[in-house]
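*Asks:* Show me the folded form of this:
(chains A and B)
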Amino acid sequence: MLRTRIIPVLLLSKKGLVKTVKFGKGKYIGDPINAVKLFNDKEVDELVILDIDAAKEKRKPDFTAISDMVSEAFMPVAYGGGITEIEDIKKMFSIGVEKVIINSAALINLDLIKEASIIYGDQSIVVSIDVQKNFWGKYQIYSHAGINPVHKDAIEFAKAAAAAGAGEIIINAVDLDGMMTGYDTNLIAKIAPHVSVPVVACGGAGSLHDLKAGYQAGASALAAGSLFVYHGPHKAVLINYPSQQQLKELFN
Amino acid sequence: MITVIDYGMGNLGSIQNIIKKLGYQAEITADLNKISSAKKLILPGVGSFDKAMQNLASLNLVDVIKQKASEGTPLLGICLGMQLLADSSEEGSLKGLSIIPGEVKKFIVPPPLKVPHMGWNLIQYNQACRLYEGFDVFEETRFYFVHSYYYQCIHQQQVAATTKFDITFTSSVFKDNVFGVQFHPEKSHKFGMLLLKNFIELT
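*Replies:* Have a look, this model is predicted:
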């Protein structure tokens, strides 16, 4: 049967690999190409690469850097950050990226999602939504790497994105980013059953047990940053990934 | 030299990357002459069936692909490229290449399963096929899949492997020098590398 996908998320900032907490200033943890090589050796299911500066700085993706990373990755790679038009998507696919992740640009206009999914197929267009609980406990969407609040309901927007042609929705819980205390399973359960496409949970995973909890809440795939780049209570940088045997036992 | 047919259907960068990694050269082209003189052909593809057949037709490539297949040139169809080897698809109304008899059908799965069938899944061997030479039969063989339609092969002896996703479907077909895989070997780690190496080194 289809395996549950477990996806390391790599954050790029100022040409380095970083890890954030609650979308704050990134801590430098190493060289991105080296990290991709290590994850490739560990035969990870898939990789997500996010340039967390691109949207904020209103610039294009760094195609050369992404190309160098992808040429070491023999698993599917999804890239997000600074994708605003069809031409960006076309370039990404030509260098060997499988999926593009669109976040801020999708919030402005879902037409890009529609157009891209018609040209490249739903499966290659991913919409990522950054969600934060507001003062009243309501789930609020933020754009531009968690900076700007957007007046859209997270669940309705996820449905609209899927209807527009997104083949997958990443739900990123901003408050839990880097906390390693577990996913917001409530948020996942609120969205996953209501959209027709796979939902990827992101934000908060700190253990293999958390991955399973995210799956049980309804996520089709589980993404994590800290879990796969840190080791031990002092968060020593160590690229890691569960073995196939561990994953099999976890999800059976 | 491996000739990868570029007919405007999806991602060729990753195929080029892996062929290079394996130590071979790939030429990515839609040129009729280059394709008709190719030693080995890969027909990749992501997107819809009819659009793919339309593109092949407008590039005048339908006949040359069929001819190369019948002449014995090794041909590997990947994902949609495999489905095009069939006679027809529920996804569209155009005829396929009709190289390996079969019909492409849409997945209809009960919740919580979702279509597309996306992610890593296992294959079970059905017939000995040269693409899987050297594979460890005691190890689970997994590949990365992304598709909403599946190939229903007519002749069991042309089914190289099957995969289970609610139903059991044909994930790998072959007939003489022609091969089709539903999954993406170019994105399937060591399993995909070995499969592509086997194809590239076919004599």
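*Asks:* roughly how far is the longest strand belonging to chain B from the heart of the chain?
*Replies:* Assignment by DSSP state E gives strand B:167-175 as the longest strand of chain B. Averaging C-alpha positions (C-alpha atoms, centre = their mean, to the nearest Å) puts strand B:167-175 10 Å from its chain's average.
*Asks:* Quick check: next helix or strand after it?
*Replies:* Toward the C-terminus, strand B:167-175 is succeeded by strand B:178-181 as the next helix or strand (DSSP states H and E).
*Asks:* what packs against that next one?
*Replies:* Judged by 3 or more C-beta pairs under 8 Å, 6 or more residues apart in numbering or on different chains; DSSP states H and E, the packing partners of strand B:178-181 are strand B:75-78, helix B:80-83, strand B:167-175. For glycine as for every other residue, the C-beta is placed from the backbone atoms N, C-alpha and C.
*Asks:* Report the spatially nearest residue to the closest residue to chain A within chain B, omitting neighbours in sequence.
*Replies:* The nearest approach of chain B to chain A comes at B:G13, 3.3 Å away (C-beta to the nearest C-beta). Using C-beta to C-beta, 6 or more residues apart in numbering or on different chains and skipping residues adjacent in sequence, the residue nearest B:G13 is A:G96, 3.3 Å away.
*Asks:* Tally up the residues packed near the one you found, please.
*Replies:* Neighbourhood size, A:G96 [other C-beta atoms under 10 Å in any protein chain shown]: 24.
*Asks:* Equivalent analysis for the one 3 residues further on, please.
*Replies:* The burial metric for A:K99, expressed as a neighbour count using other C-beta under 10 Å, is 24.
*Asks:* mind listing what it touches?
*Replies:* Residues near A:K99 by C-beta atoms under 8 Å, 6 or more residues apart in numbering or on different chains: A:76-79, A:123-126, A:167-168.
*Asks:* Next step: the residues you listed restricted to strands.
*Replies:* A:77-79, A:125-126, A:168.
*Asks:* now those residues as TSV including pLDDT and distance to B:V178?
*Replies:* Shown next, in TSV, are the ones in strands among the contacts of A:K99 (pLDDT from 0 to 100; distance: C-beta to C-beta, whole Å):
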residue	pLDDT	distance to B:V178
A:V77	97	29
A:A78	97	32
A:Y79	98	34
A:I125	94	31
A:V126	97	33
A:E168	95	32
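*Asks:* Same list (the residues you listed) but as JSON lines, adding neighbour count and distance to chain B.
*Replies:* Below are the ones in strands among the contacts of A:K99 laid out as JSON lines (neighbours: other C-beta atoms under 10 Å in any protein chain shown; distance: C-beta to the nearest C-beta, whole Å):
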{"residue": "A:V77", "neighbour count": "25", "distance to chain B": "8"}
{"residue": "A:A78", "neighbour count": "24", "distance to chain B": "11"}
{"residue": "A:Y79", "neighbour count": "29", "distance to chain B": "12"}
{"residue": "A:I125", "neighbour count": "28", "distance to chain B": "11"}
{"residue": "A:V126", "neighbour count": "27", "distance to chain B": "11"}
{"residue": "A:E168", "neighbour count": "28", "distance to chain B": "7"}
